[in-house]
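Engineer: okay, sequence plus prediction incoming.
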There are 4 protein chains.
Amino acid sequence: MNYQEIFQEISNELKGFDEIGQVATYIPALAKGNPNKFGMYLVTEEGHEYAHGDTEEPFSIQSISKVLSLVYAFKLVGTDLWKRVGVEPSGSPFNSLVQLEYEQGIPRNPLINAGAIVICDILISQLENPYDDFIRFVRELSGNPNIQYREETAASEKECGYKNNAHINLMKSFGNIDNDVEQVLDFYFYLCSIEMSCKDLAQTFMFLARGGKNPLTNKRVLTAQETKRINSIMLLCGFYDEAGEFAFKVGLPGKSGVGGGIVAIYPDQYSIAVWSPGLNSKGNSSKGIKALEIFTTITQSNVFGPMPIFDELEYE
Amino acid sequence: MNYQEIFQEISNELKGFDEIGQVATYIPALAKGNPNKFGMYLVTEEGHEYAHGDTEEPFSIQSISKVLSLVYAFKLVGTDLWKRVGVEPSGSPFNSLVQLEYEQGIPRNPLINAGAIVICDILISQLENPYDDFIRFVRELSGNPNIQYREETAASEKECGYKNNAHINLMKSFGNIDNDVEQVLDFYFYLCSIEMSCKDLAQTFMFLARGGKNPLTNKRVLTAQETKRINSIMLLCGFYDEAGEFAFKVGLPGKSGVGGGIVAIYPDQYSIAVWSPGLNSKGNSSKGIKALEIFTTITQSNVFGPMPIFDELEYE
Amino acid sequence: MNYQEIFQEISNELKGFDEIGQVATYIPALAKGNPNKFGMYLVTEEGHEYAHGDTEEPFSIQSISKVLSLVYAFKLVGTDLWKRVGVEPSGSPFNSLVQLEYEQGIPRNPLINAGAIVICDILISQLENPYDDFIRFVRELSGNPNIQYREETAASEKECGYKNNAHINLMKSFGNIDNDVEQVLDFYFYLCSIEMSCKDLAQTFMFLARGGKNPLTNKRVLTAQETKRINSIMLLCGFYDEAGEFAFKVGLPGKSGVGGGIVAIYPDQYSIAVWSPGLNSKGNSSKGIKALEIFTTITQSNVFGPMPIFDELEYE
Amino acid sequence: MNYQEIFQEISNELKGFDEIGQVATYIPALAKGNPNKFGMYLVTEEGHEYAHGDTEEPFSIQSISKVLSLVYAFKLVGTDLWKRVGVEPSGSPFNSLVQLEYEQGIPRNPLINAGAIVICDILISQLENPYDDFIRFVRELSGNPNIQYREETAASEKECGYKNNAHINLMKSFGNIDNDVEQVLDFYFYLCSIEMSCKDLAQTFMFLARGGKNPLTNKRVLTAQETKRINSIMLLCGFYDEAGEFAFKVGLPGKSGVGGGIVAIYPDQYSIAVWSPGLNSKGNSSKGIKALEIFTTITQSNVFGPMPIFDELEYE
């Protein structure tokens, strides 16, 4: 089967898929999402691209932006970054505030909200024009000059962002936020509001499958060592409280967002993005995970090695 | 460089290594450990074996046994296992009791103490002669009929096992322990007391690099699917509160014990065990992690893909 | 109105009282309790006694015993006691284990389970024959030589005492339990199993209303200073997570038990015991609290000063 | 001894008192406080007044204002208040955020910061001109028309109020804050900034010793029932994590502030205020507590009944 056929096969298998979940409703900008949208986009090491479904339509990338801001900050300050944010999984979110308090305002990793907020604080300190510089960075990676923040989404998020406000104020009380709290949160909500298509996302994340080199320009974004760091963080912390399940089912480093997008990379092979707005109970795209599970099973591409499709069910 | 040369290279690089850490002292059986012991043992897919240093000397495998008991229980009860224990990372241990209480007595994963205790409870329910059956299972995997429990170690552990006692009683209060508390804890401490050499460990874990098949007998221990489950749990939860750091530095599924042993596997390629009793602040073998880091860097074998040894340091 | 008339008045007012709550069911010995039992017994400074209802029938005093063991231990070791247990309220019980861990195994106060367990540990260390010595102490205070432990109740409690087991093991891990865990818990469960009547309880606690002197023998049990300590702990910590509500409604130092008993004292005036097995959602006797509220309102006797019965409802 | 002589006696006893503690330094307005200031002021039921030391000098009342805002809100909304804030002690503050999260944004009581913030939210909703109305309320109680907010102090507090910000945002996320977060916090910090003298405080709180009637105007502020509620909350929750110790040593309902002030009332007898800026490790005036302890011991006035000054030390 070639990739296009595999996409078709996945599409067939998912026809009866009825655990499509709920579209995120906590902000109006997301609640309006059409649950029937579905797209998959693949970019390979050799530069081939494969599309299926709604792959050109931009949607809110939400938490997926946390990886991009992390990469940018890592590029700017190097390993000094780890003085301000950890690299370990965070456990369940029920006690995220007490954990942050116990660990003196140092978030467990950069992909939980508190961690991503610290990253925003760093970017504001480091960049002349954080909003312009960041969107330019994303456009360069994606090759798409039209990628934009969505002001309306950012404003919605801000209106109900009280928990994030609680987190940033707690970190400020420990001295782990340098800039004005409002300024940092505003930037954070803008980053979440960026809209990209499956095509944009797959292209943008391809450098993480190429040891750190942007495939479009062949310029180095991160060193191979730094890339490994980002990929390992994604594998362990990229899917809220479902990282273990995703590692088992899909077995690739990746990141999801409550807009229904997921992007994942297979080192030296490919970058793949899926989009389906319905979320499971853990906040990840329900159909998106299933699609990726089928894809990595058929292609036998996951970091835990080739897995035979037809496994012997009985022990000998 | 062939593997033997790589081992020599690692040995050379580690000569000046002075962050060797402290030998675990909380039980006498471990405190007597010689901090200068060091061994590495490699078993490849093709069946070749490579040894360096103290590879034949048995040491206390401690928490490494948690993987073996998990595999055995998984083999016996299948996916019903996940009704009683989770598959997600656990965050820092400071609030392990409150987390267990919040999640109604269901431990986050089978490699934290509470989770391993549930596994012991399952084995006791399922097996006629749990102690005999289990040691036979380990001997079969390792090919070494002399592997033993070490009663003295188990007795020491029991004497200071109050936190484990707190955990099991809390789980019992939630109905997640079926057997007598004392009986389960005794079995748990015995499993931790098993002594194996680097050679034994590398051989024993090789089936996890072979999609579930025992290389010595070619009998299937787990299905490929089940093997992937175990490997993903090891990658995300195998190194206490240092899983993220290990995933970055070494990039392989594995498990450590406070006896100073670490075993790791590279799917379809090899199983490797190291032993150095000095522990870092997170409770993992300090020199052992360094040795594995050098090994996976030189051999470019980690699940995040080939990493060039001589990375460009400057961005172009 | 004299006291007997007040008792009659309370009885009348409670005729329609229908929030009688549930009898505790977690152990069989309590579940068999008759929810319609009701008794009140008053002992005054002058030695007068007033009875109403089922005042001679013994019931399980449960947590009320925590005050008696505290008094006995305080008598034996003095203010050294406060090195091992605090005197502050404990907040809600949801995180009692994490609080105990945070405070290094020192329970917040002697009236929560963990604190009472430490007290038992002290008594075992201090007394030749803890079981005999303790029951003799209670008999002397009550003037009733027939007061007994109820073995059946203690055995029931032990069978489901996993949370207490979790607490004691955690404290043992911090070095705050000197004796064998089983031995301490056994004693703890026996103390809870003691059976006393309303009459016994009111008589027994009278010394706390008399600055520490046993009214029957005129022997000093505690100094006035020590008595004040016990009374202040009862007022702040005597009613689980309902101490604030009880202080407002009744306004007296006291202690409740899940057997449905409550005993309270008014310094220099009286000791009063009530019994009604139905419990409210916080685990205190529902009708018992109501009866005491009416009593202290009619008699204008609460530590917050005389309160007019017919209060002006409108502000002037 | 008359009261003036008792004050002199206390002054003598405290001459060598060297556990005077540290002046609060977290805001500049407090750090400038003179640690040698000391004042005591007593107002009796009969209207007599007794002064000793620096009783006319205004200082920052800080958390003492929490009682006044509670009284005002209680007066306005009655028992509906308890839907939005509890009446139970809160345990140690280490996990105040997680407790607030666990209890769905309902603070444990109105004298912890989170609870006082909810009270401010209620006052803003209820009052036309909250700032003017509140200061007028305080001036009426104190009889002093010159009592003022101290803008400089409020501004200082705001600058470092990140933890309060974390709390209010968490409550807002649970729907327990109706007004704008900034607006509520501003009001909260202004209330803390009010400056009063010992004389002002003793006079102001006298209505709580008189069953709710303002002694100056004889107008009812609260009903006797409502007054009992406030007094019981003060006794159980008025001294941070030292409520149990204060109840034992002093035995009166009261409230302290980090400005070094303490006010306490003895129902139907008196209101007393002390001021000494040095704080103990729990944040309460060190010398202030000692002075009150001596006062209630000499006068045998505490809610736990008369305590003989010269207690028999030996048991008979």
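Structural biologist: Received it, and whenever you're ready, just let me know what you need.

Engineer: just checking, what packs against the helix or strand encompassing A:Ser65?
Structural biologist: If you go by DSSP states H and E, A:Ser65 is part of helix A:65-77. Packed against helix A:65-77 by the contact rule (3 or more C-beta pairs under 8 Å, 6 or more residues apart in numbering or on different chains; DSSP states H and E) you find helix A:113-126, helix A:130-142, helix A:181-193, helix A:224-237. From N, CA and C alone the C-beta is placed, and that goes for glycine too.

Engineer: keeping just the C-alphas, turn the helix or strand that the second one is followed by into CSV.
Structural biologist: Just to be clear, that refers to helix A:130-142. Remark: after helix A:130-142, the chain's next helix or strand is helix A:151-159, criterion DSSP H and E. Taking Å, rounded to 0.1, in the frame of the first residue of the first chain, the C-alpha atoms of helix A:151-159 are listed here in CSV:
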residue,chain,number,x,y,z
GLU,A,151,-7.7,38.0,17.9
GLU,A,152,-11.3,36.9,18.6
THR,A,153,-10.1,33.5,19.9
ALA,A,154,-7.5,35.1,22.1
ALA,A,155,-10.0,37.5,23.6
SER,A,156,-12.4,34.6,24.4
GLU,A,157,-9.7,32.7,26.1
LYS,A,158,-8.7,35.7,28.1
GLU,A,159,-12.2,36.1,29.4
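
Engineer: now do the buried residues in helix A:151-159.
Structural biologist: A:153-158 (16 or more other C-beta atoms under 10 Å in any protein chain shown).

Engineer: ok, stretch A:274-284 next?
Structural biologist: Applying a neighbour-count criterion of 16+ other C-beta under 10 Å, one finds A:274-280, A:282-284 buried in stretch A:274-284.

Engineer: what does stretch A:235-249 give?
Structural biologist: In stretch A:235-249, counting by 16+ other C-beta under 10 Å, buried: A:235-249.

Engineer: which of these fall within helices?
Structural biologist: Mapping these onto helices (DSSP state H) picks out A:235-237, A:243-249.

Engineer: buried sites along stretch A:207-223?
Structural biologist: A:207-215, A:220-223.

Engineer: among these, which two are most distant?
Structural biologist: The distance between the two most remote of the buried residues of stretch A:207-223 (C-beta to C-beta) is 16.3 Å, for A:Pro215 and A:Thr223.

Engineer: does stretch A:223-230 come close to chain B?
Structural biologist: Yes: using C-beta under 8 Å from any C-beta of the partner chain, stretch A:223-230 comes into contact with chain B via A:223-225, A:227-229.

Engineer: name the SS class of whichever residue of the stretch 1-150 of chain A sits closest to chain C, please.
Structural biologist: Of all residues in the stretch 1-150 of chain A, A:Val98 sits closest to chain C, at 8.4 Å by C-beta to the nearest C-beta. Counting by DSSP: H, G, I helix; E, B strand; the rest coil, the backbone at A:Val98 sits in helix.

Engineer: please work out how many residues are found near it.
Structural biologist: A:Val98 has 24 neighbours, counted by other C-beta atoms under 10 Å in any protein chain shown.

Engineer: from C:Gln99, how far out is it?
Structural biologist: Separation of A:Val98 from C:Gln99 (C-beta to C-beta, to the nearest Å) stands at 11 Å.

Engineer: kindly report the same for A:Gly33.
Structural biologist: When A:Gly33 is compared with C:Gln99 (using C-beta to C-beta), they lie 43 Å apart.

Engineer: same deal with A:Asn302?
Structural biologist: Between A:Asn302 and C:Gln99 the distance is 43 Å, computed by C-beta to C-beta.

Engineer: one more: A:Phe239?
Structural biologist: For A:Phe239 relative to C:Gln99 (C-beta to C-beta), the value is 32 Å.

Engineer: quick check, A:Glu293 in a strand?
Structural biologist: No: if the criterion is three-state DSSP, then A:Glu293 is helix and not within a strand.

Engineer: shouldn't it be in contact with A:Ala247?
Structural biologist: No: between A:Glu293 and A:Ala247 there is no contact under C-beta atoms under 8 Å: 11.4 Å.

Engineer: quick one on the thing from earlier: deepest-packed of the helices and strands packed on helix A:65-77, please.
Structural biologist: For the helices and strands packed on helix A:65-77, the largest average neighbour count (mean count of other C-beta atoms under 10 Å in any protein chain shown) is found in helix A:224-237, namely a mean of 25.

Engineer: the buried residues of stretch A:235-249: which two are farthest apart?
Structural biologist: Longest distance between any two of the buried residues of stretch A:235-249 is 16.4 Å, between A:Cys237 and A:Lys249; criterion C-beta to C-beta.

Engineer: quick one: low-confidence ranges for the stretch 101-250 of chain A?
Structural biologist: The model of the stretch 101-250 of chain A has no residue with pLDDT under 70.

Engineer: return the residues of it in contact with chain B.
Structural biologist: The stretch 101-250 of chain A has residues A:102-103, A:108-109, A:209, A:211, A:219-221, A:223-225, A:227-229, A:231-233, A:235-237, A:241-245, A:247-248 near chain B, with proximity defined as C-beta under 8 Å from any C-beta.

Engineer: how near is A:His48 to D:His48?
Structural biologist: As defined by C-beta to C-beta, A:His48 lies at a distance of 95 Å from D:His48.

Engineer: in contact with A:Ser271, which residues?
Structural biologist: Counting by C-beta atoms under 8 Å, 6 or more residues apart in numbering or on different chains, A:Ser271 touches A:42-43, A:202-203, A:205-206, A:208-209, A:263-265.

Engineer: correction: A:Leu127
Structural biologist: A:76, A:133-134.

Engineer: try 6 Å this time
Structural biologist: By C-beta atoms under 6 Å, 6 or more residues apart in numbering or on different chains, A:Leu127 lies in contact with A:Asp133.
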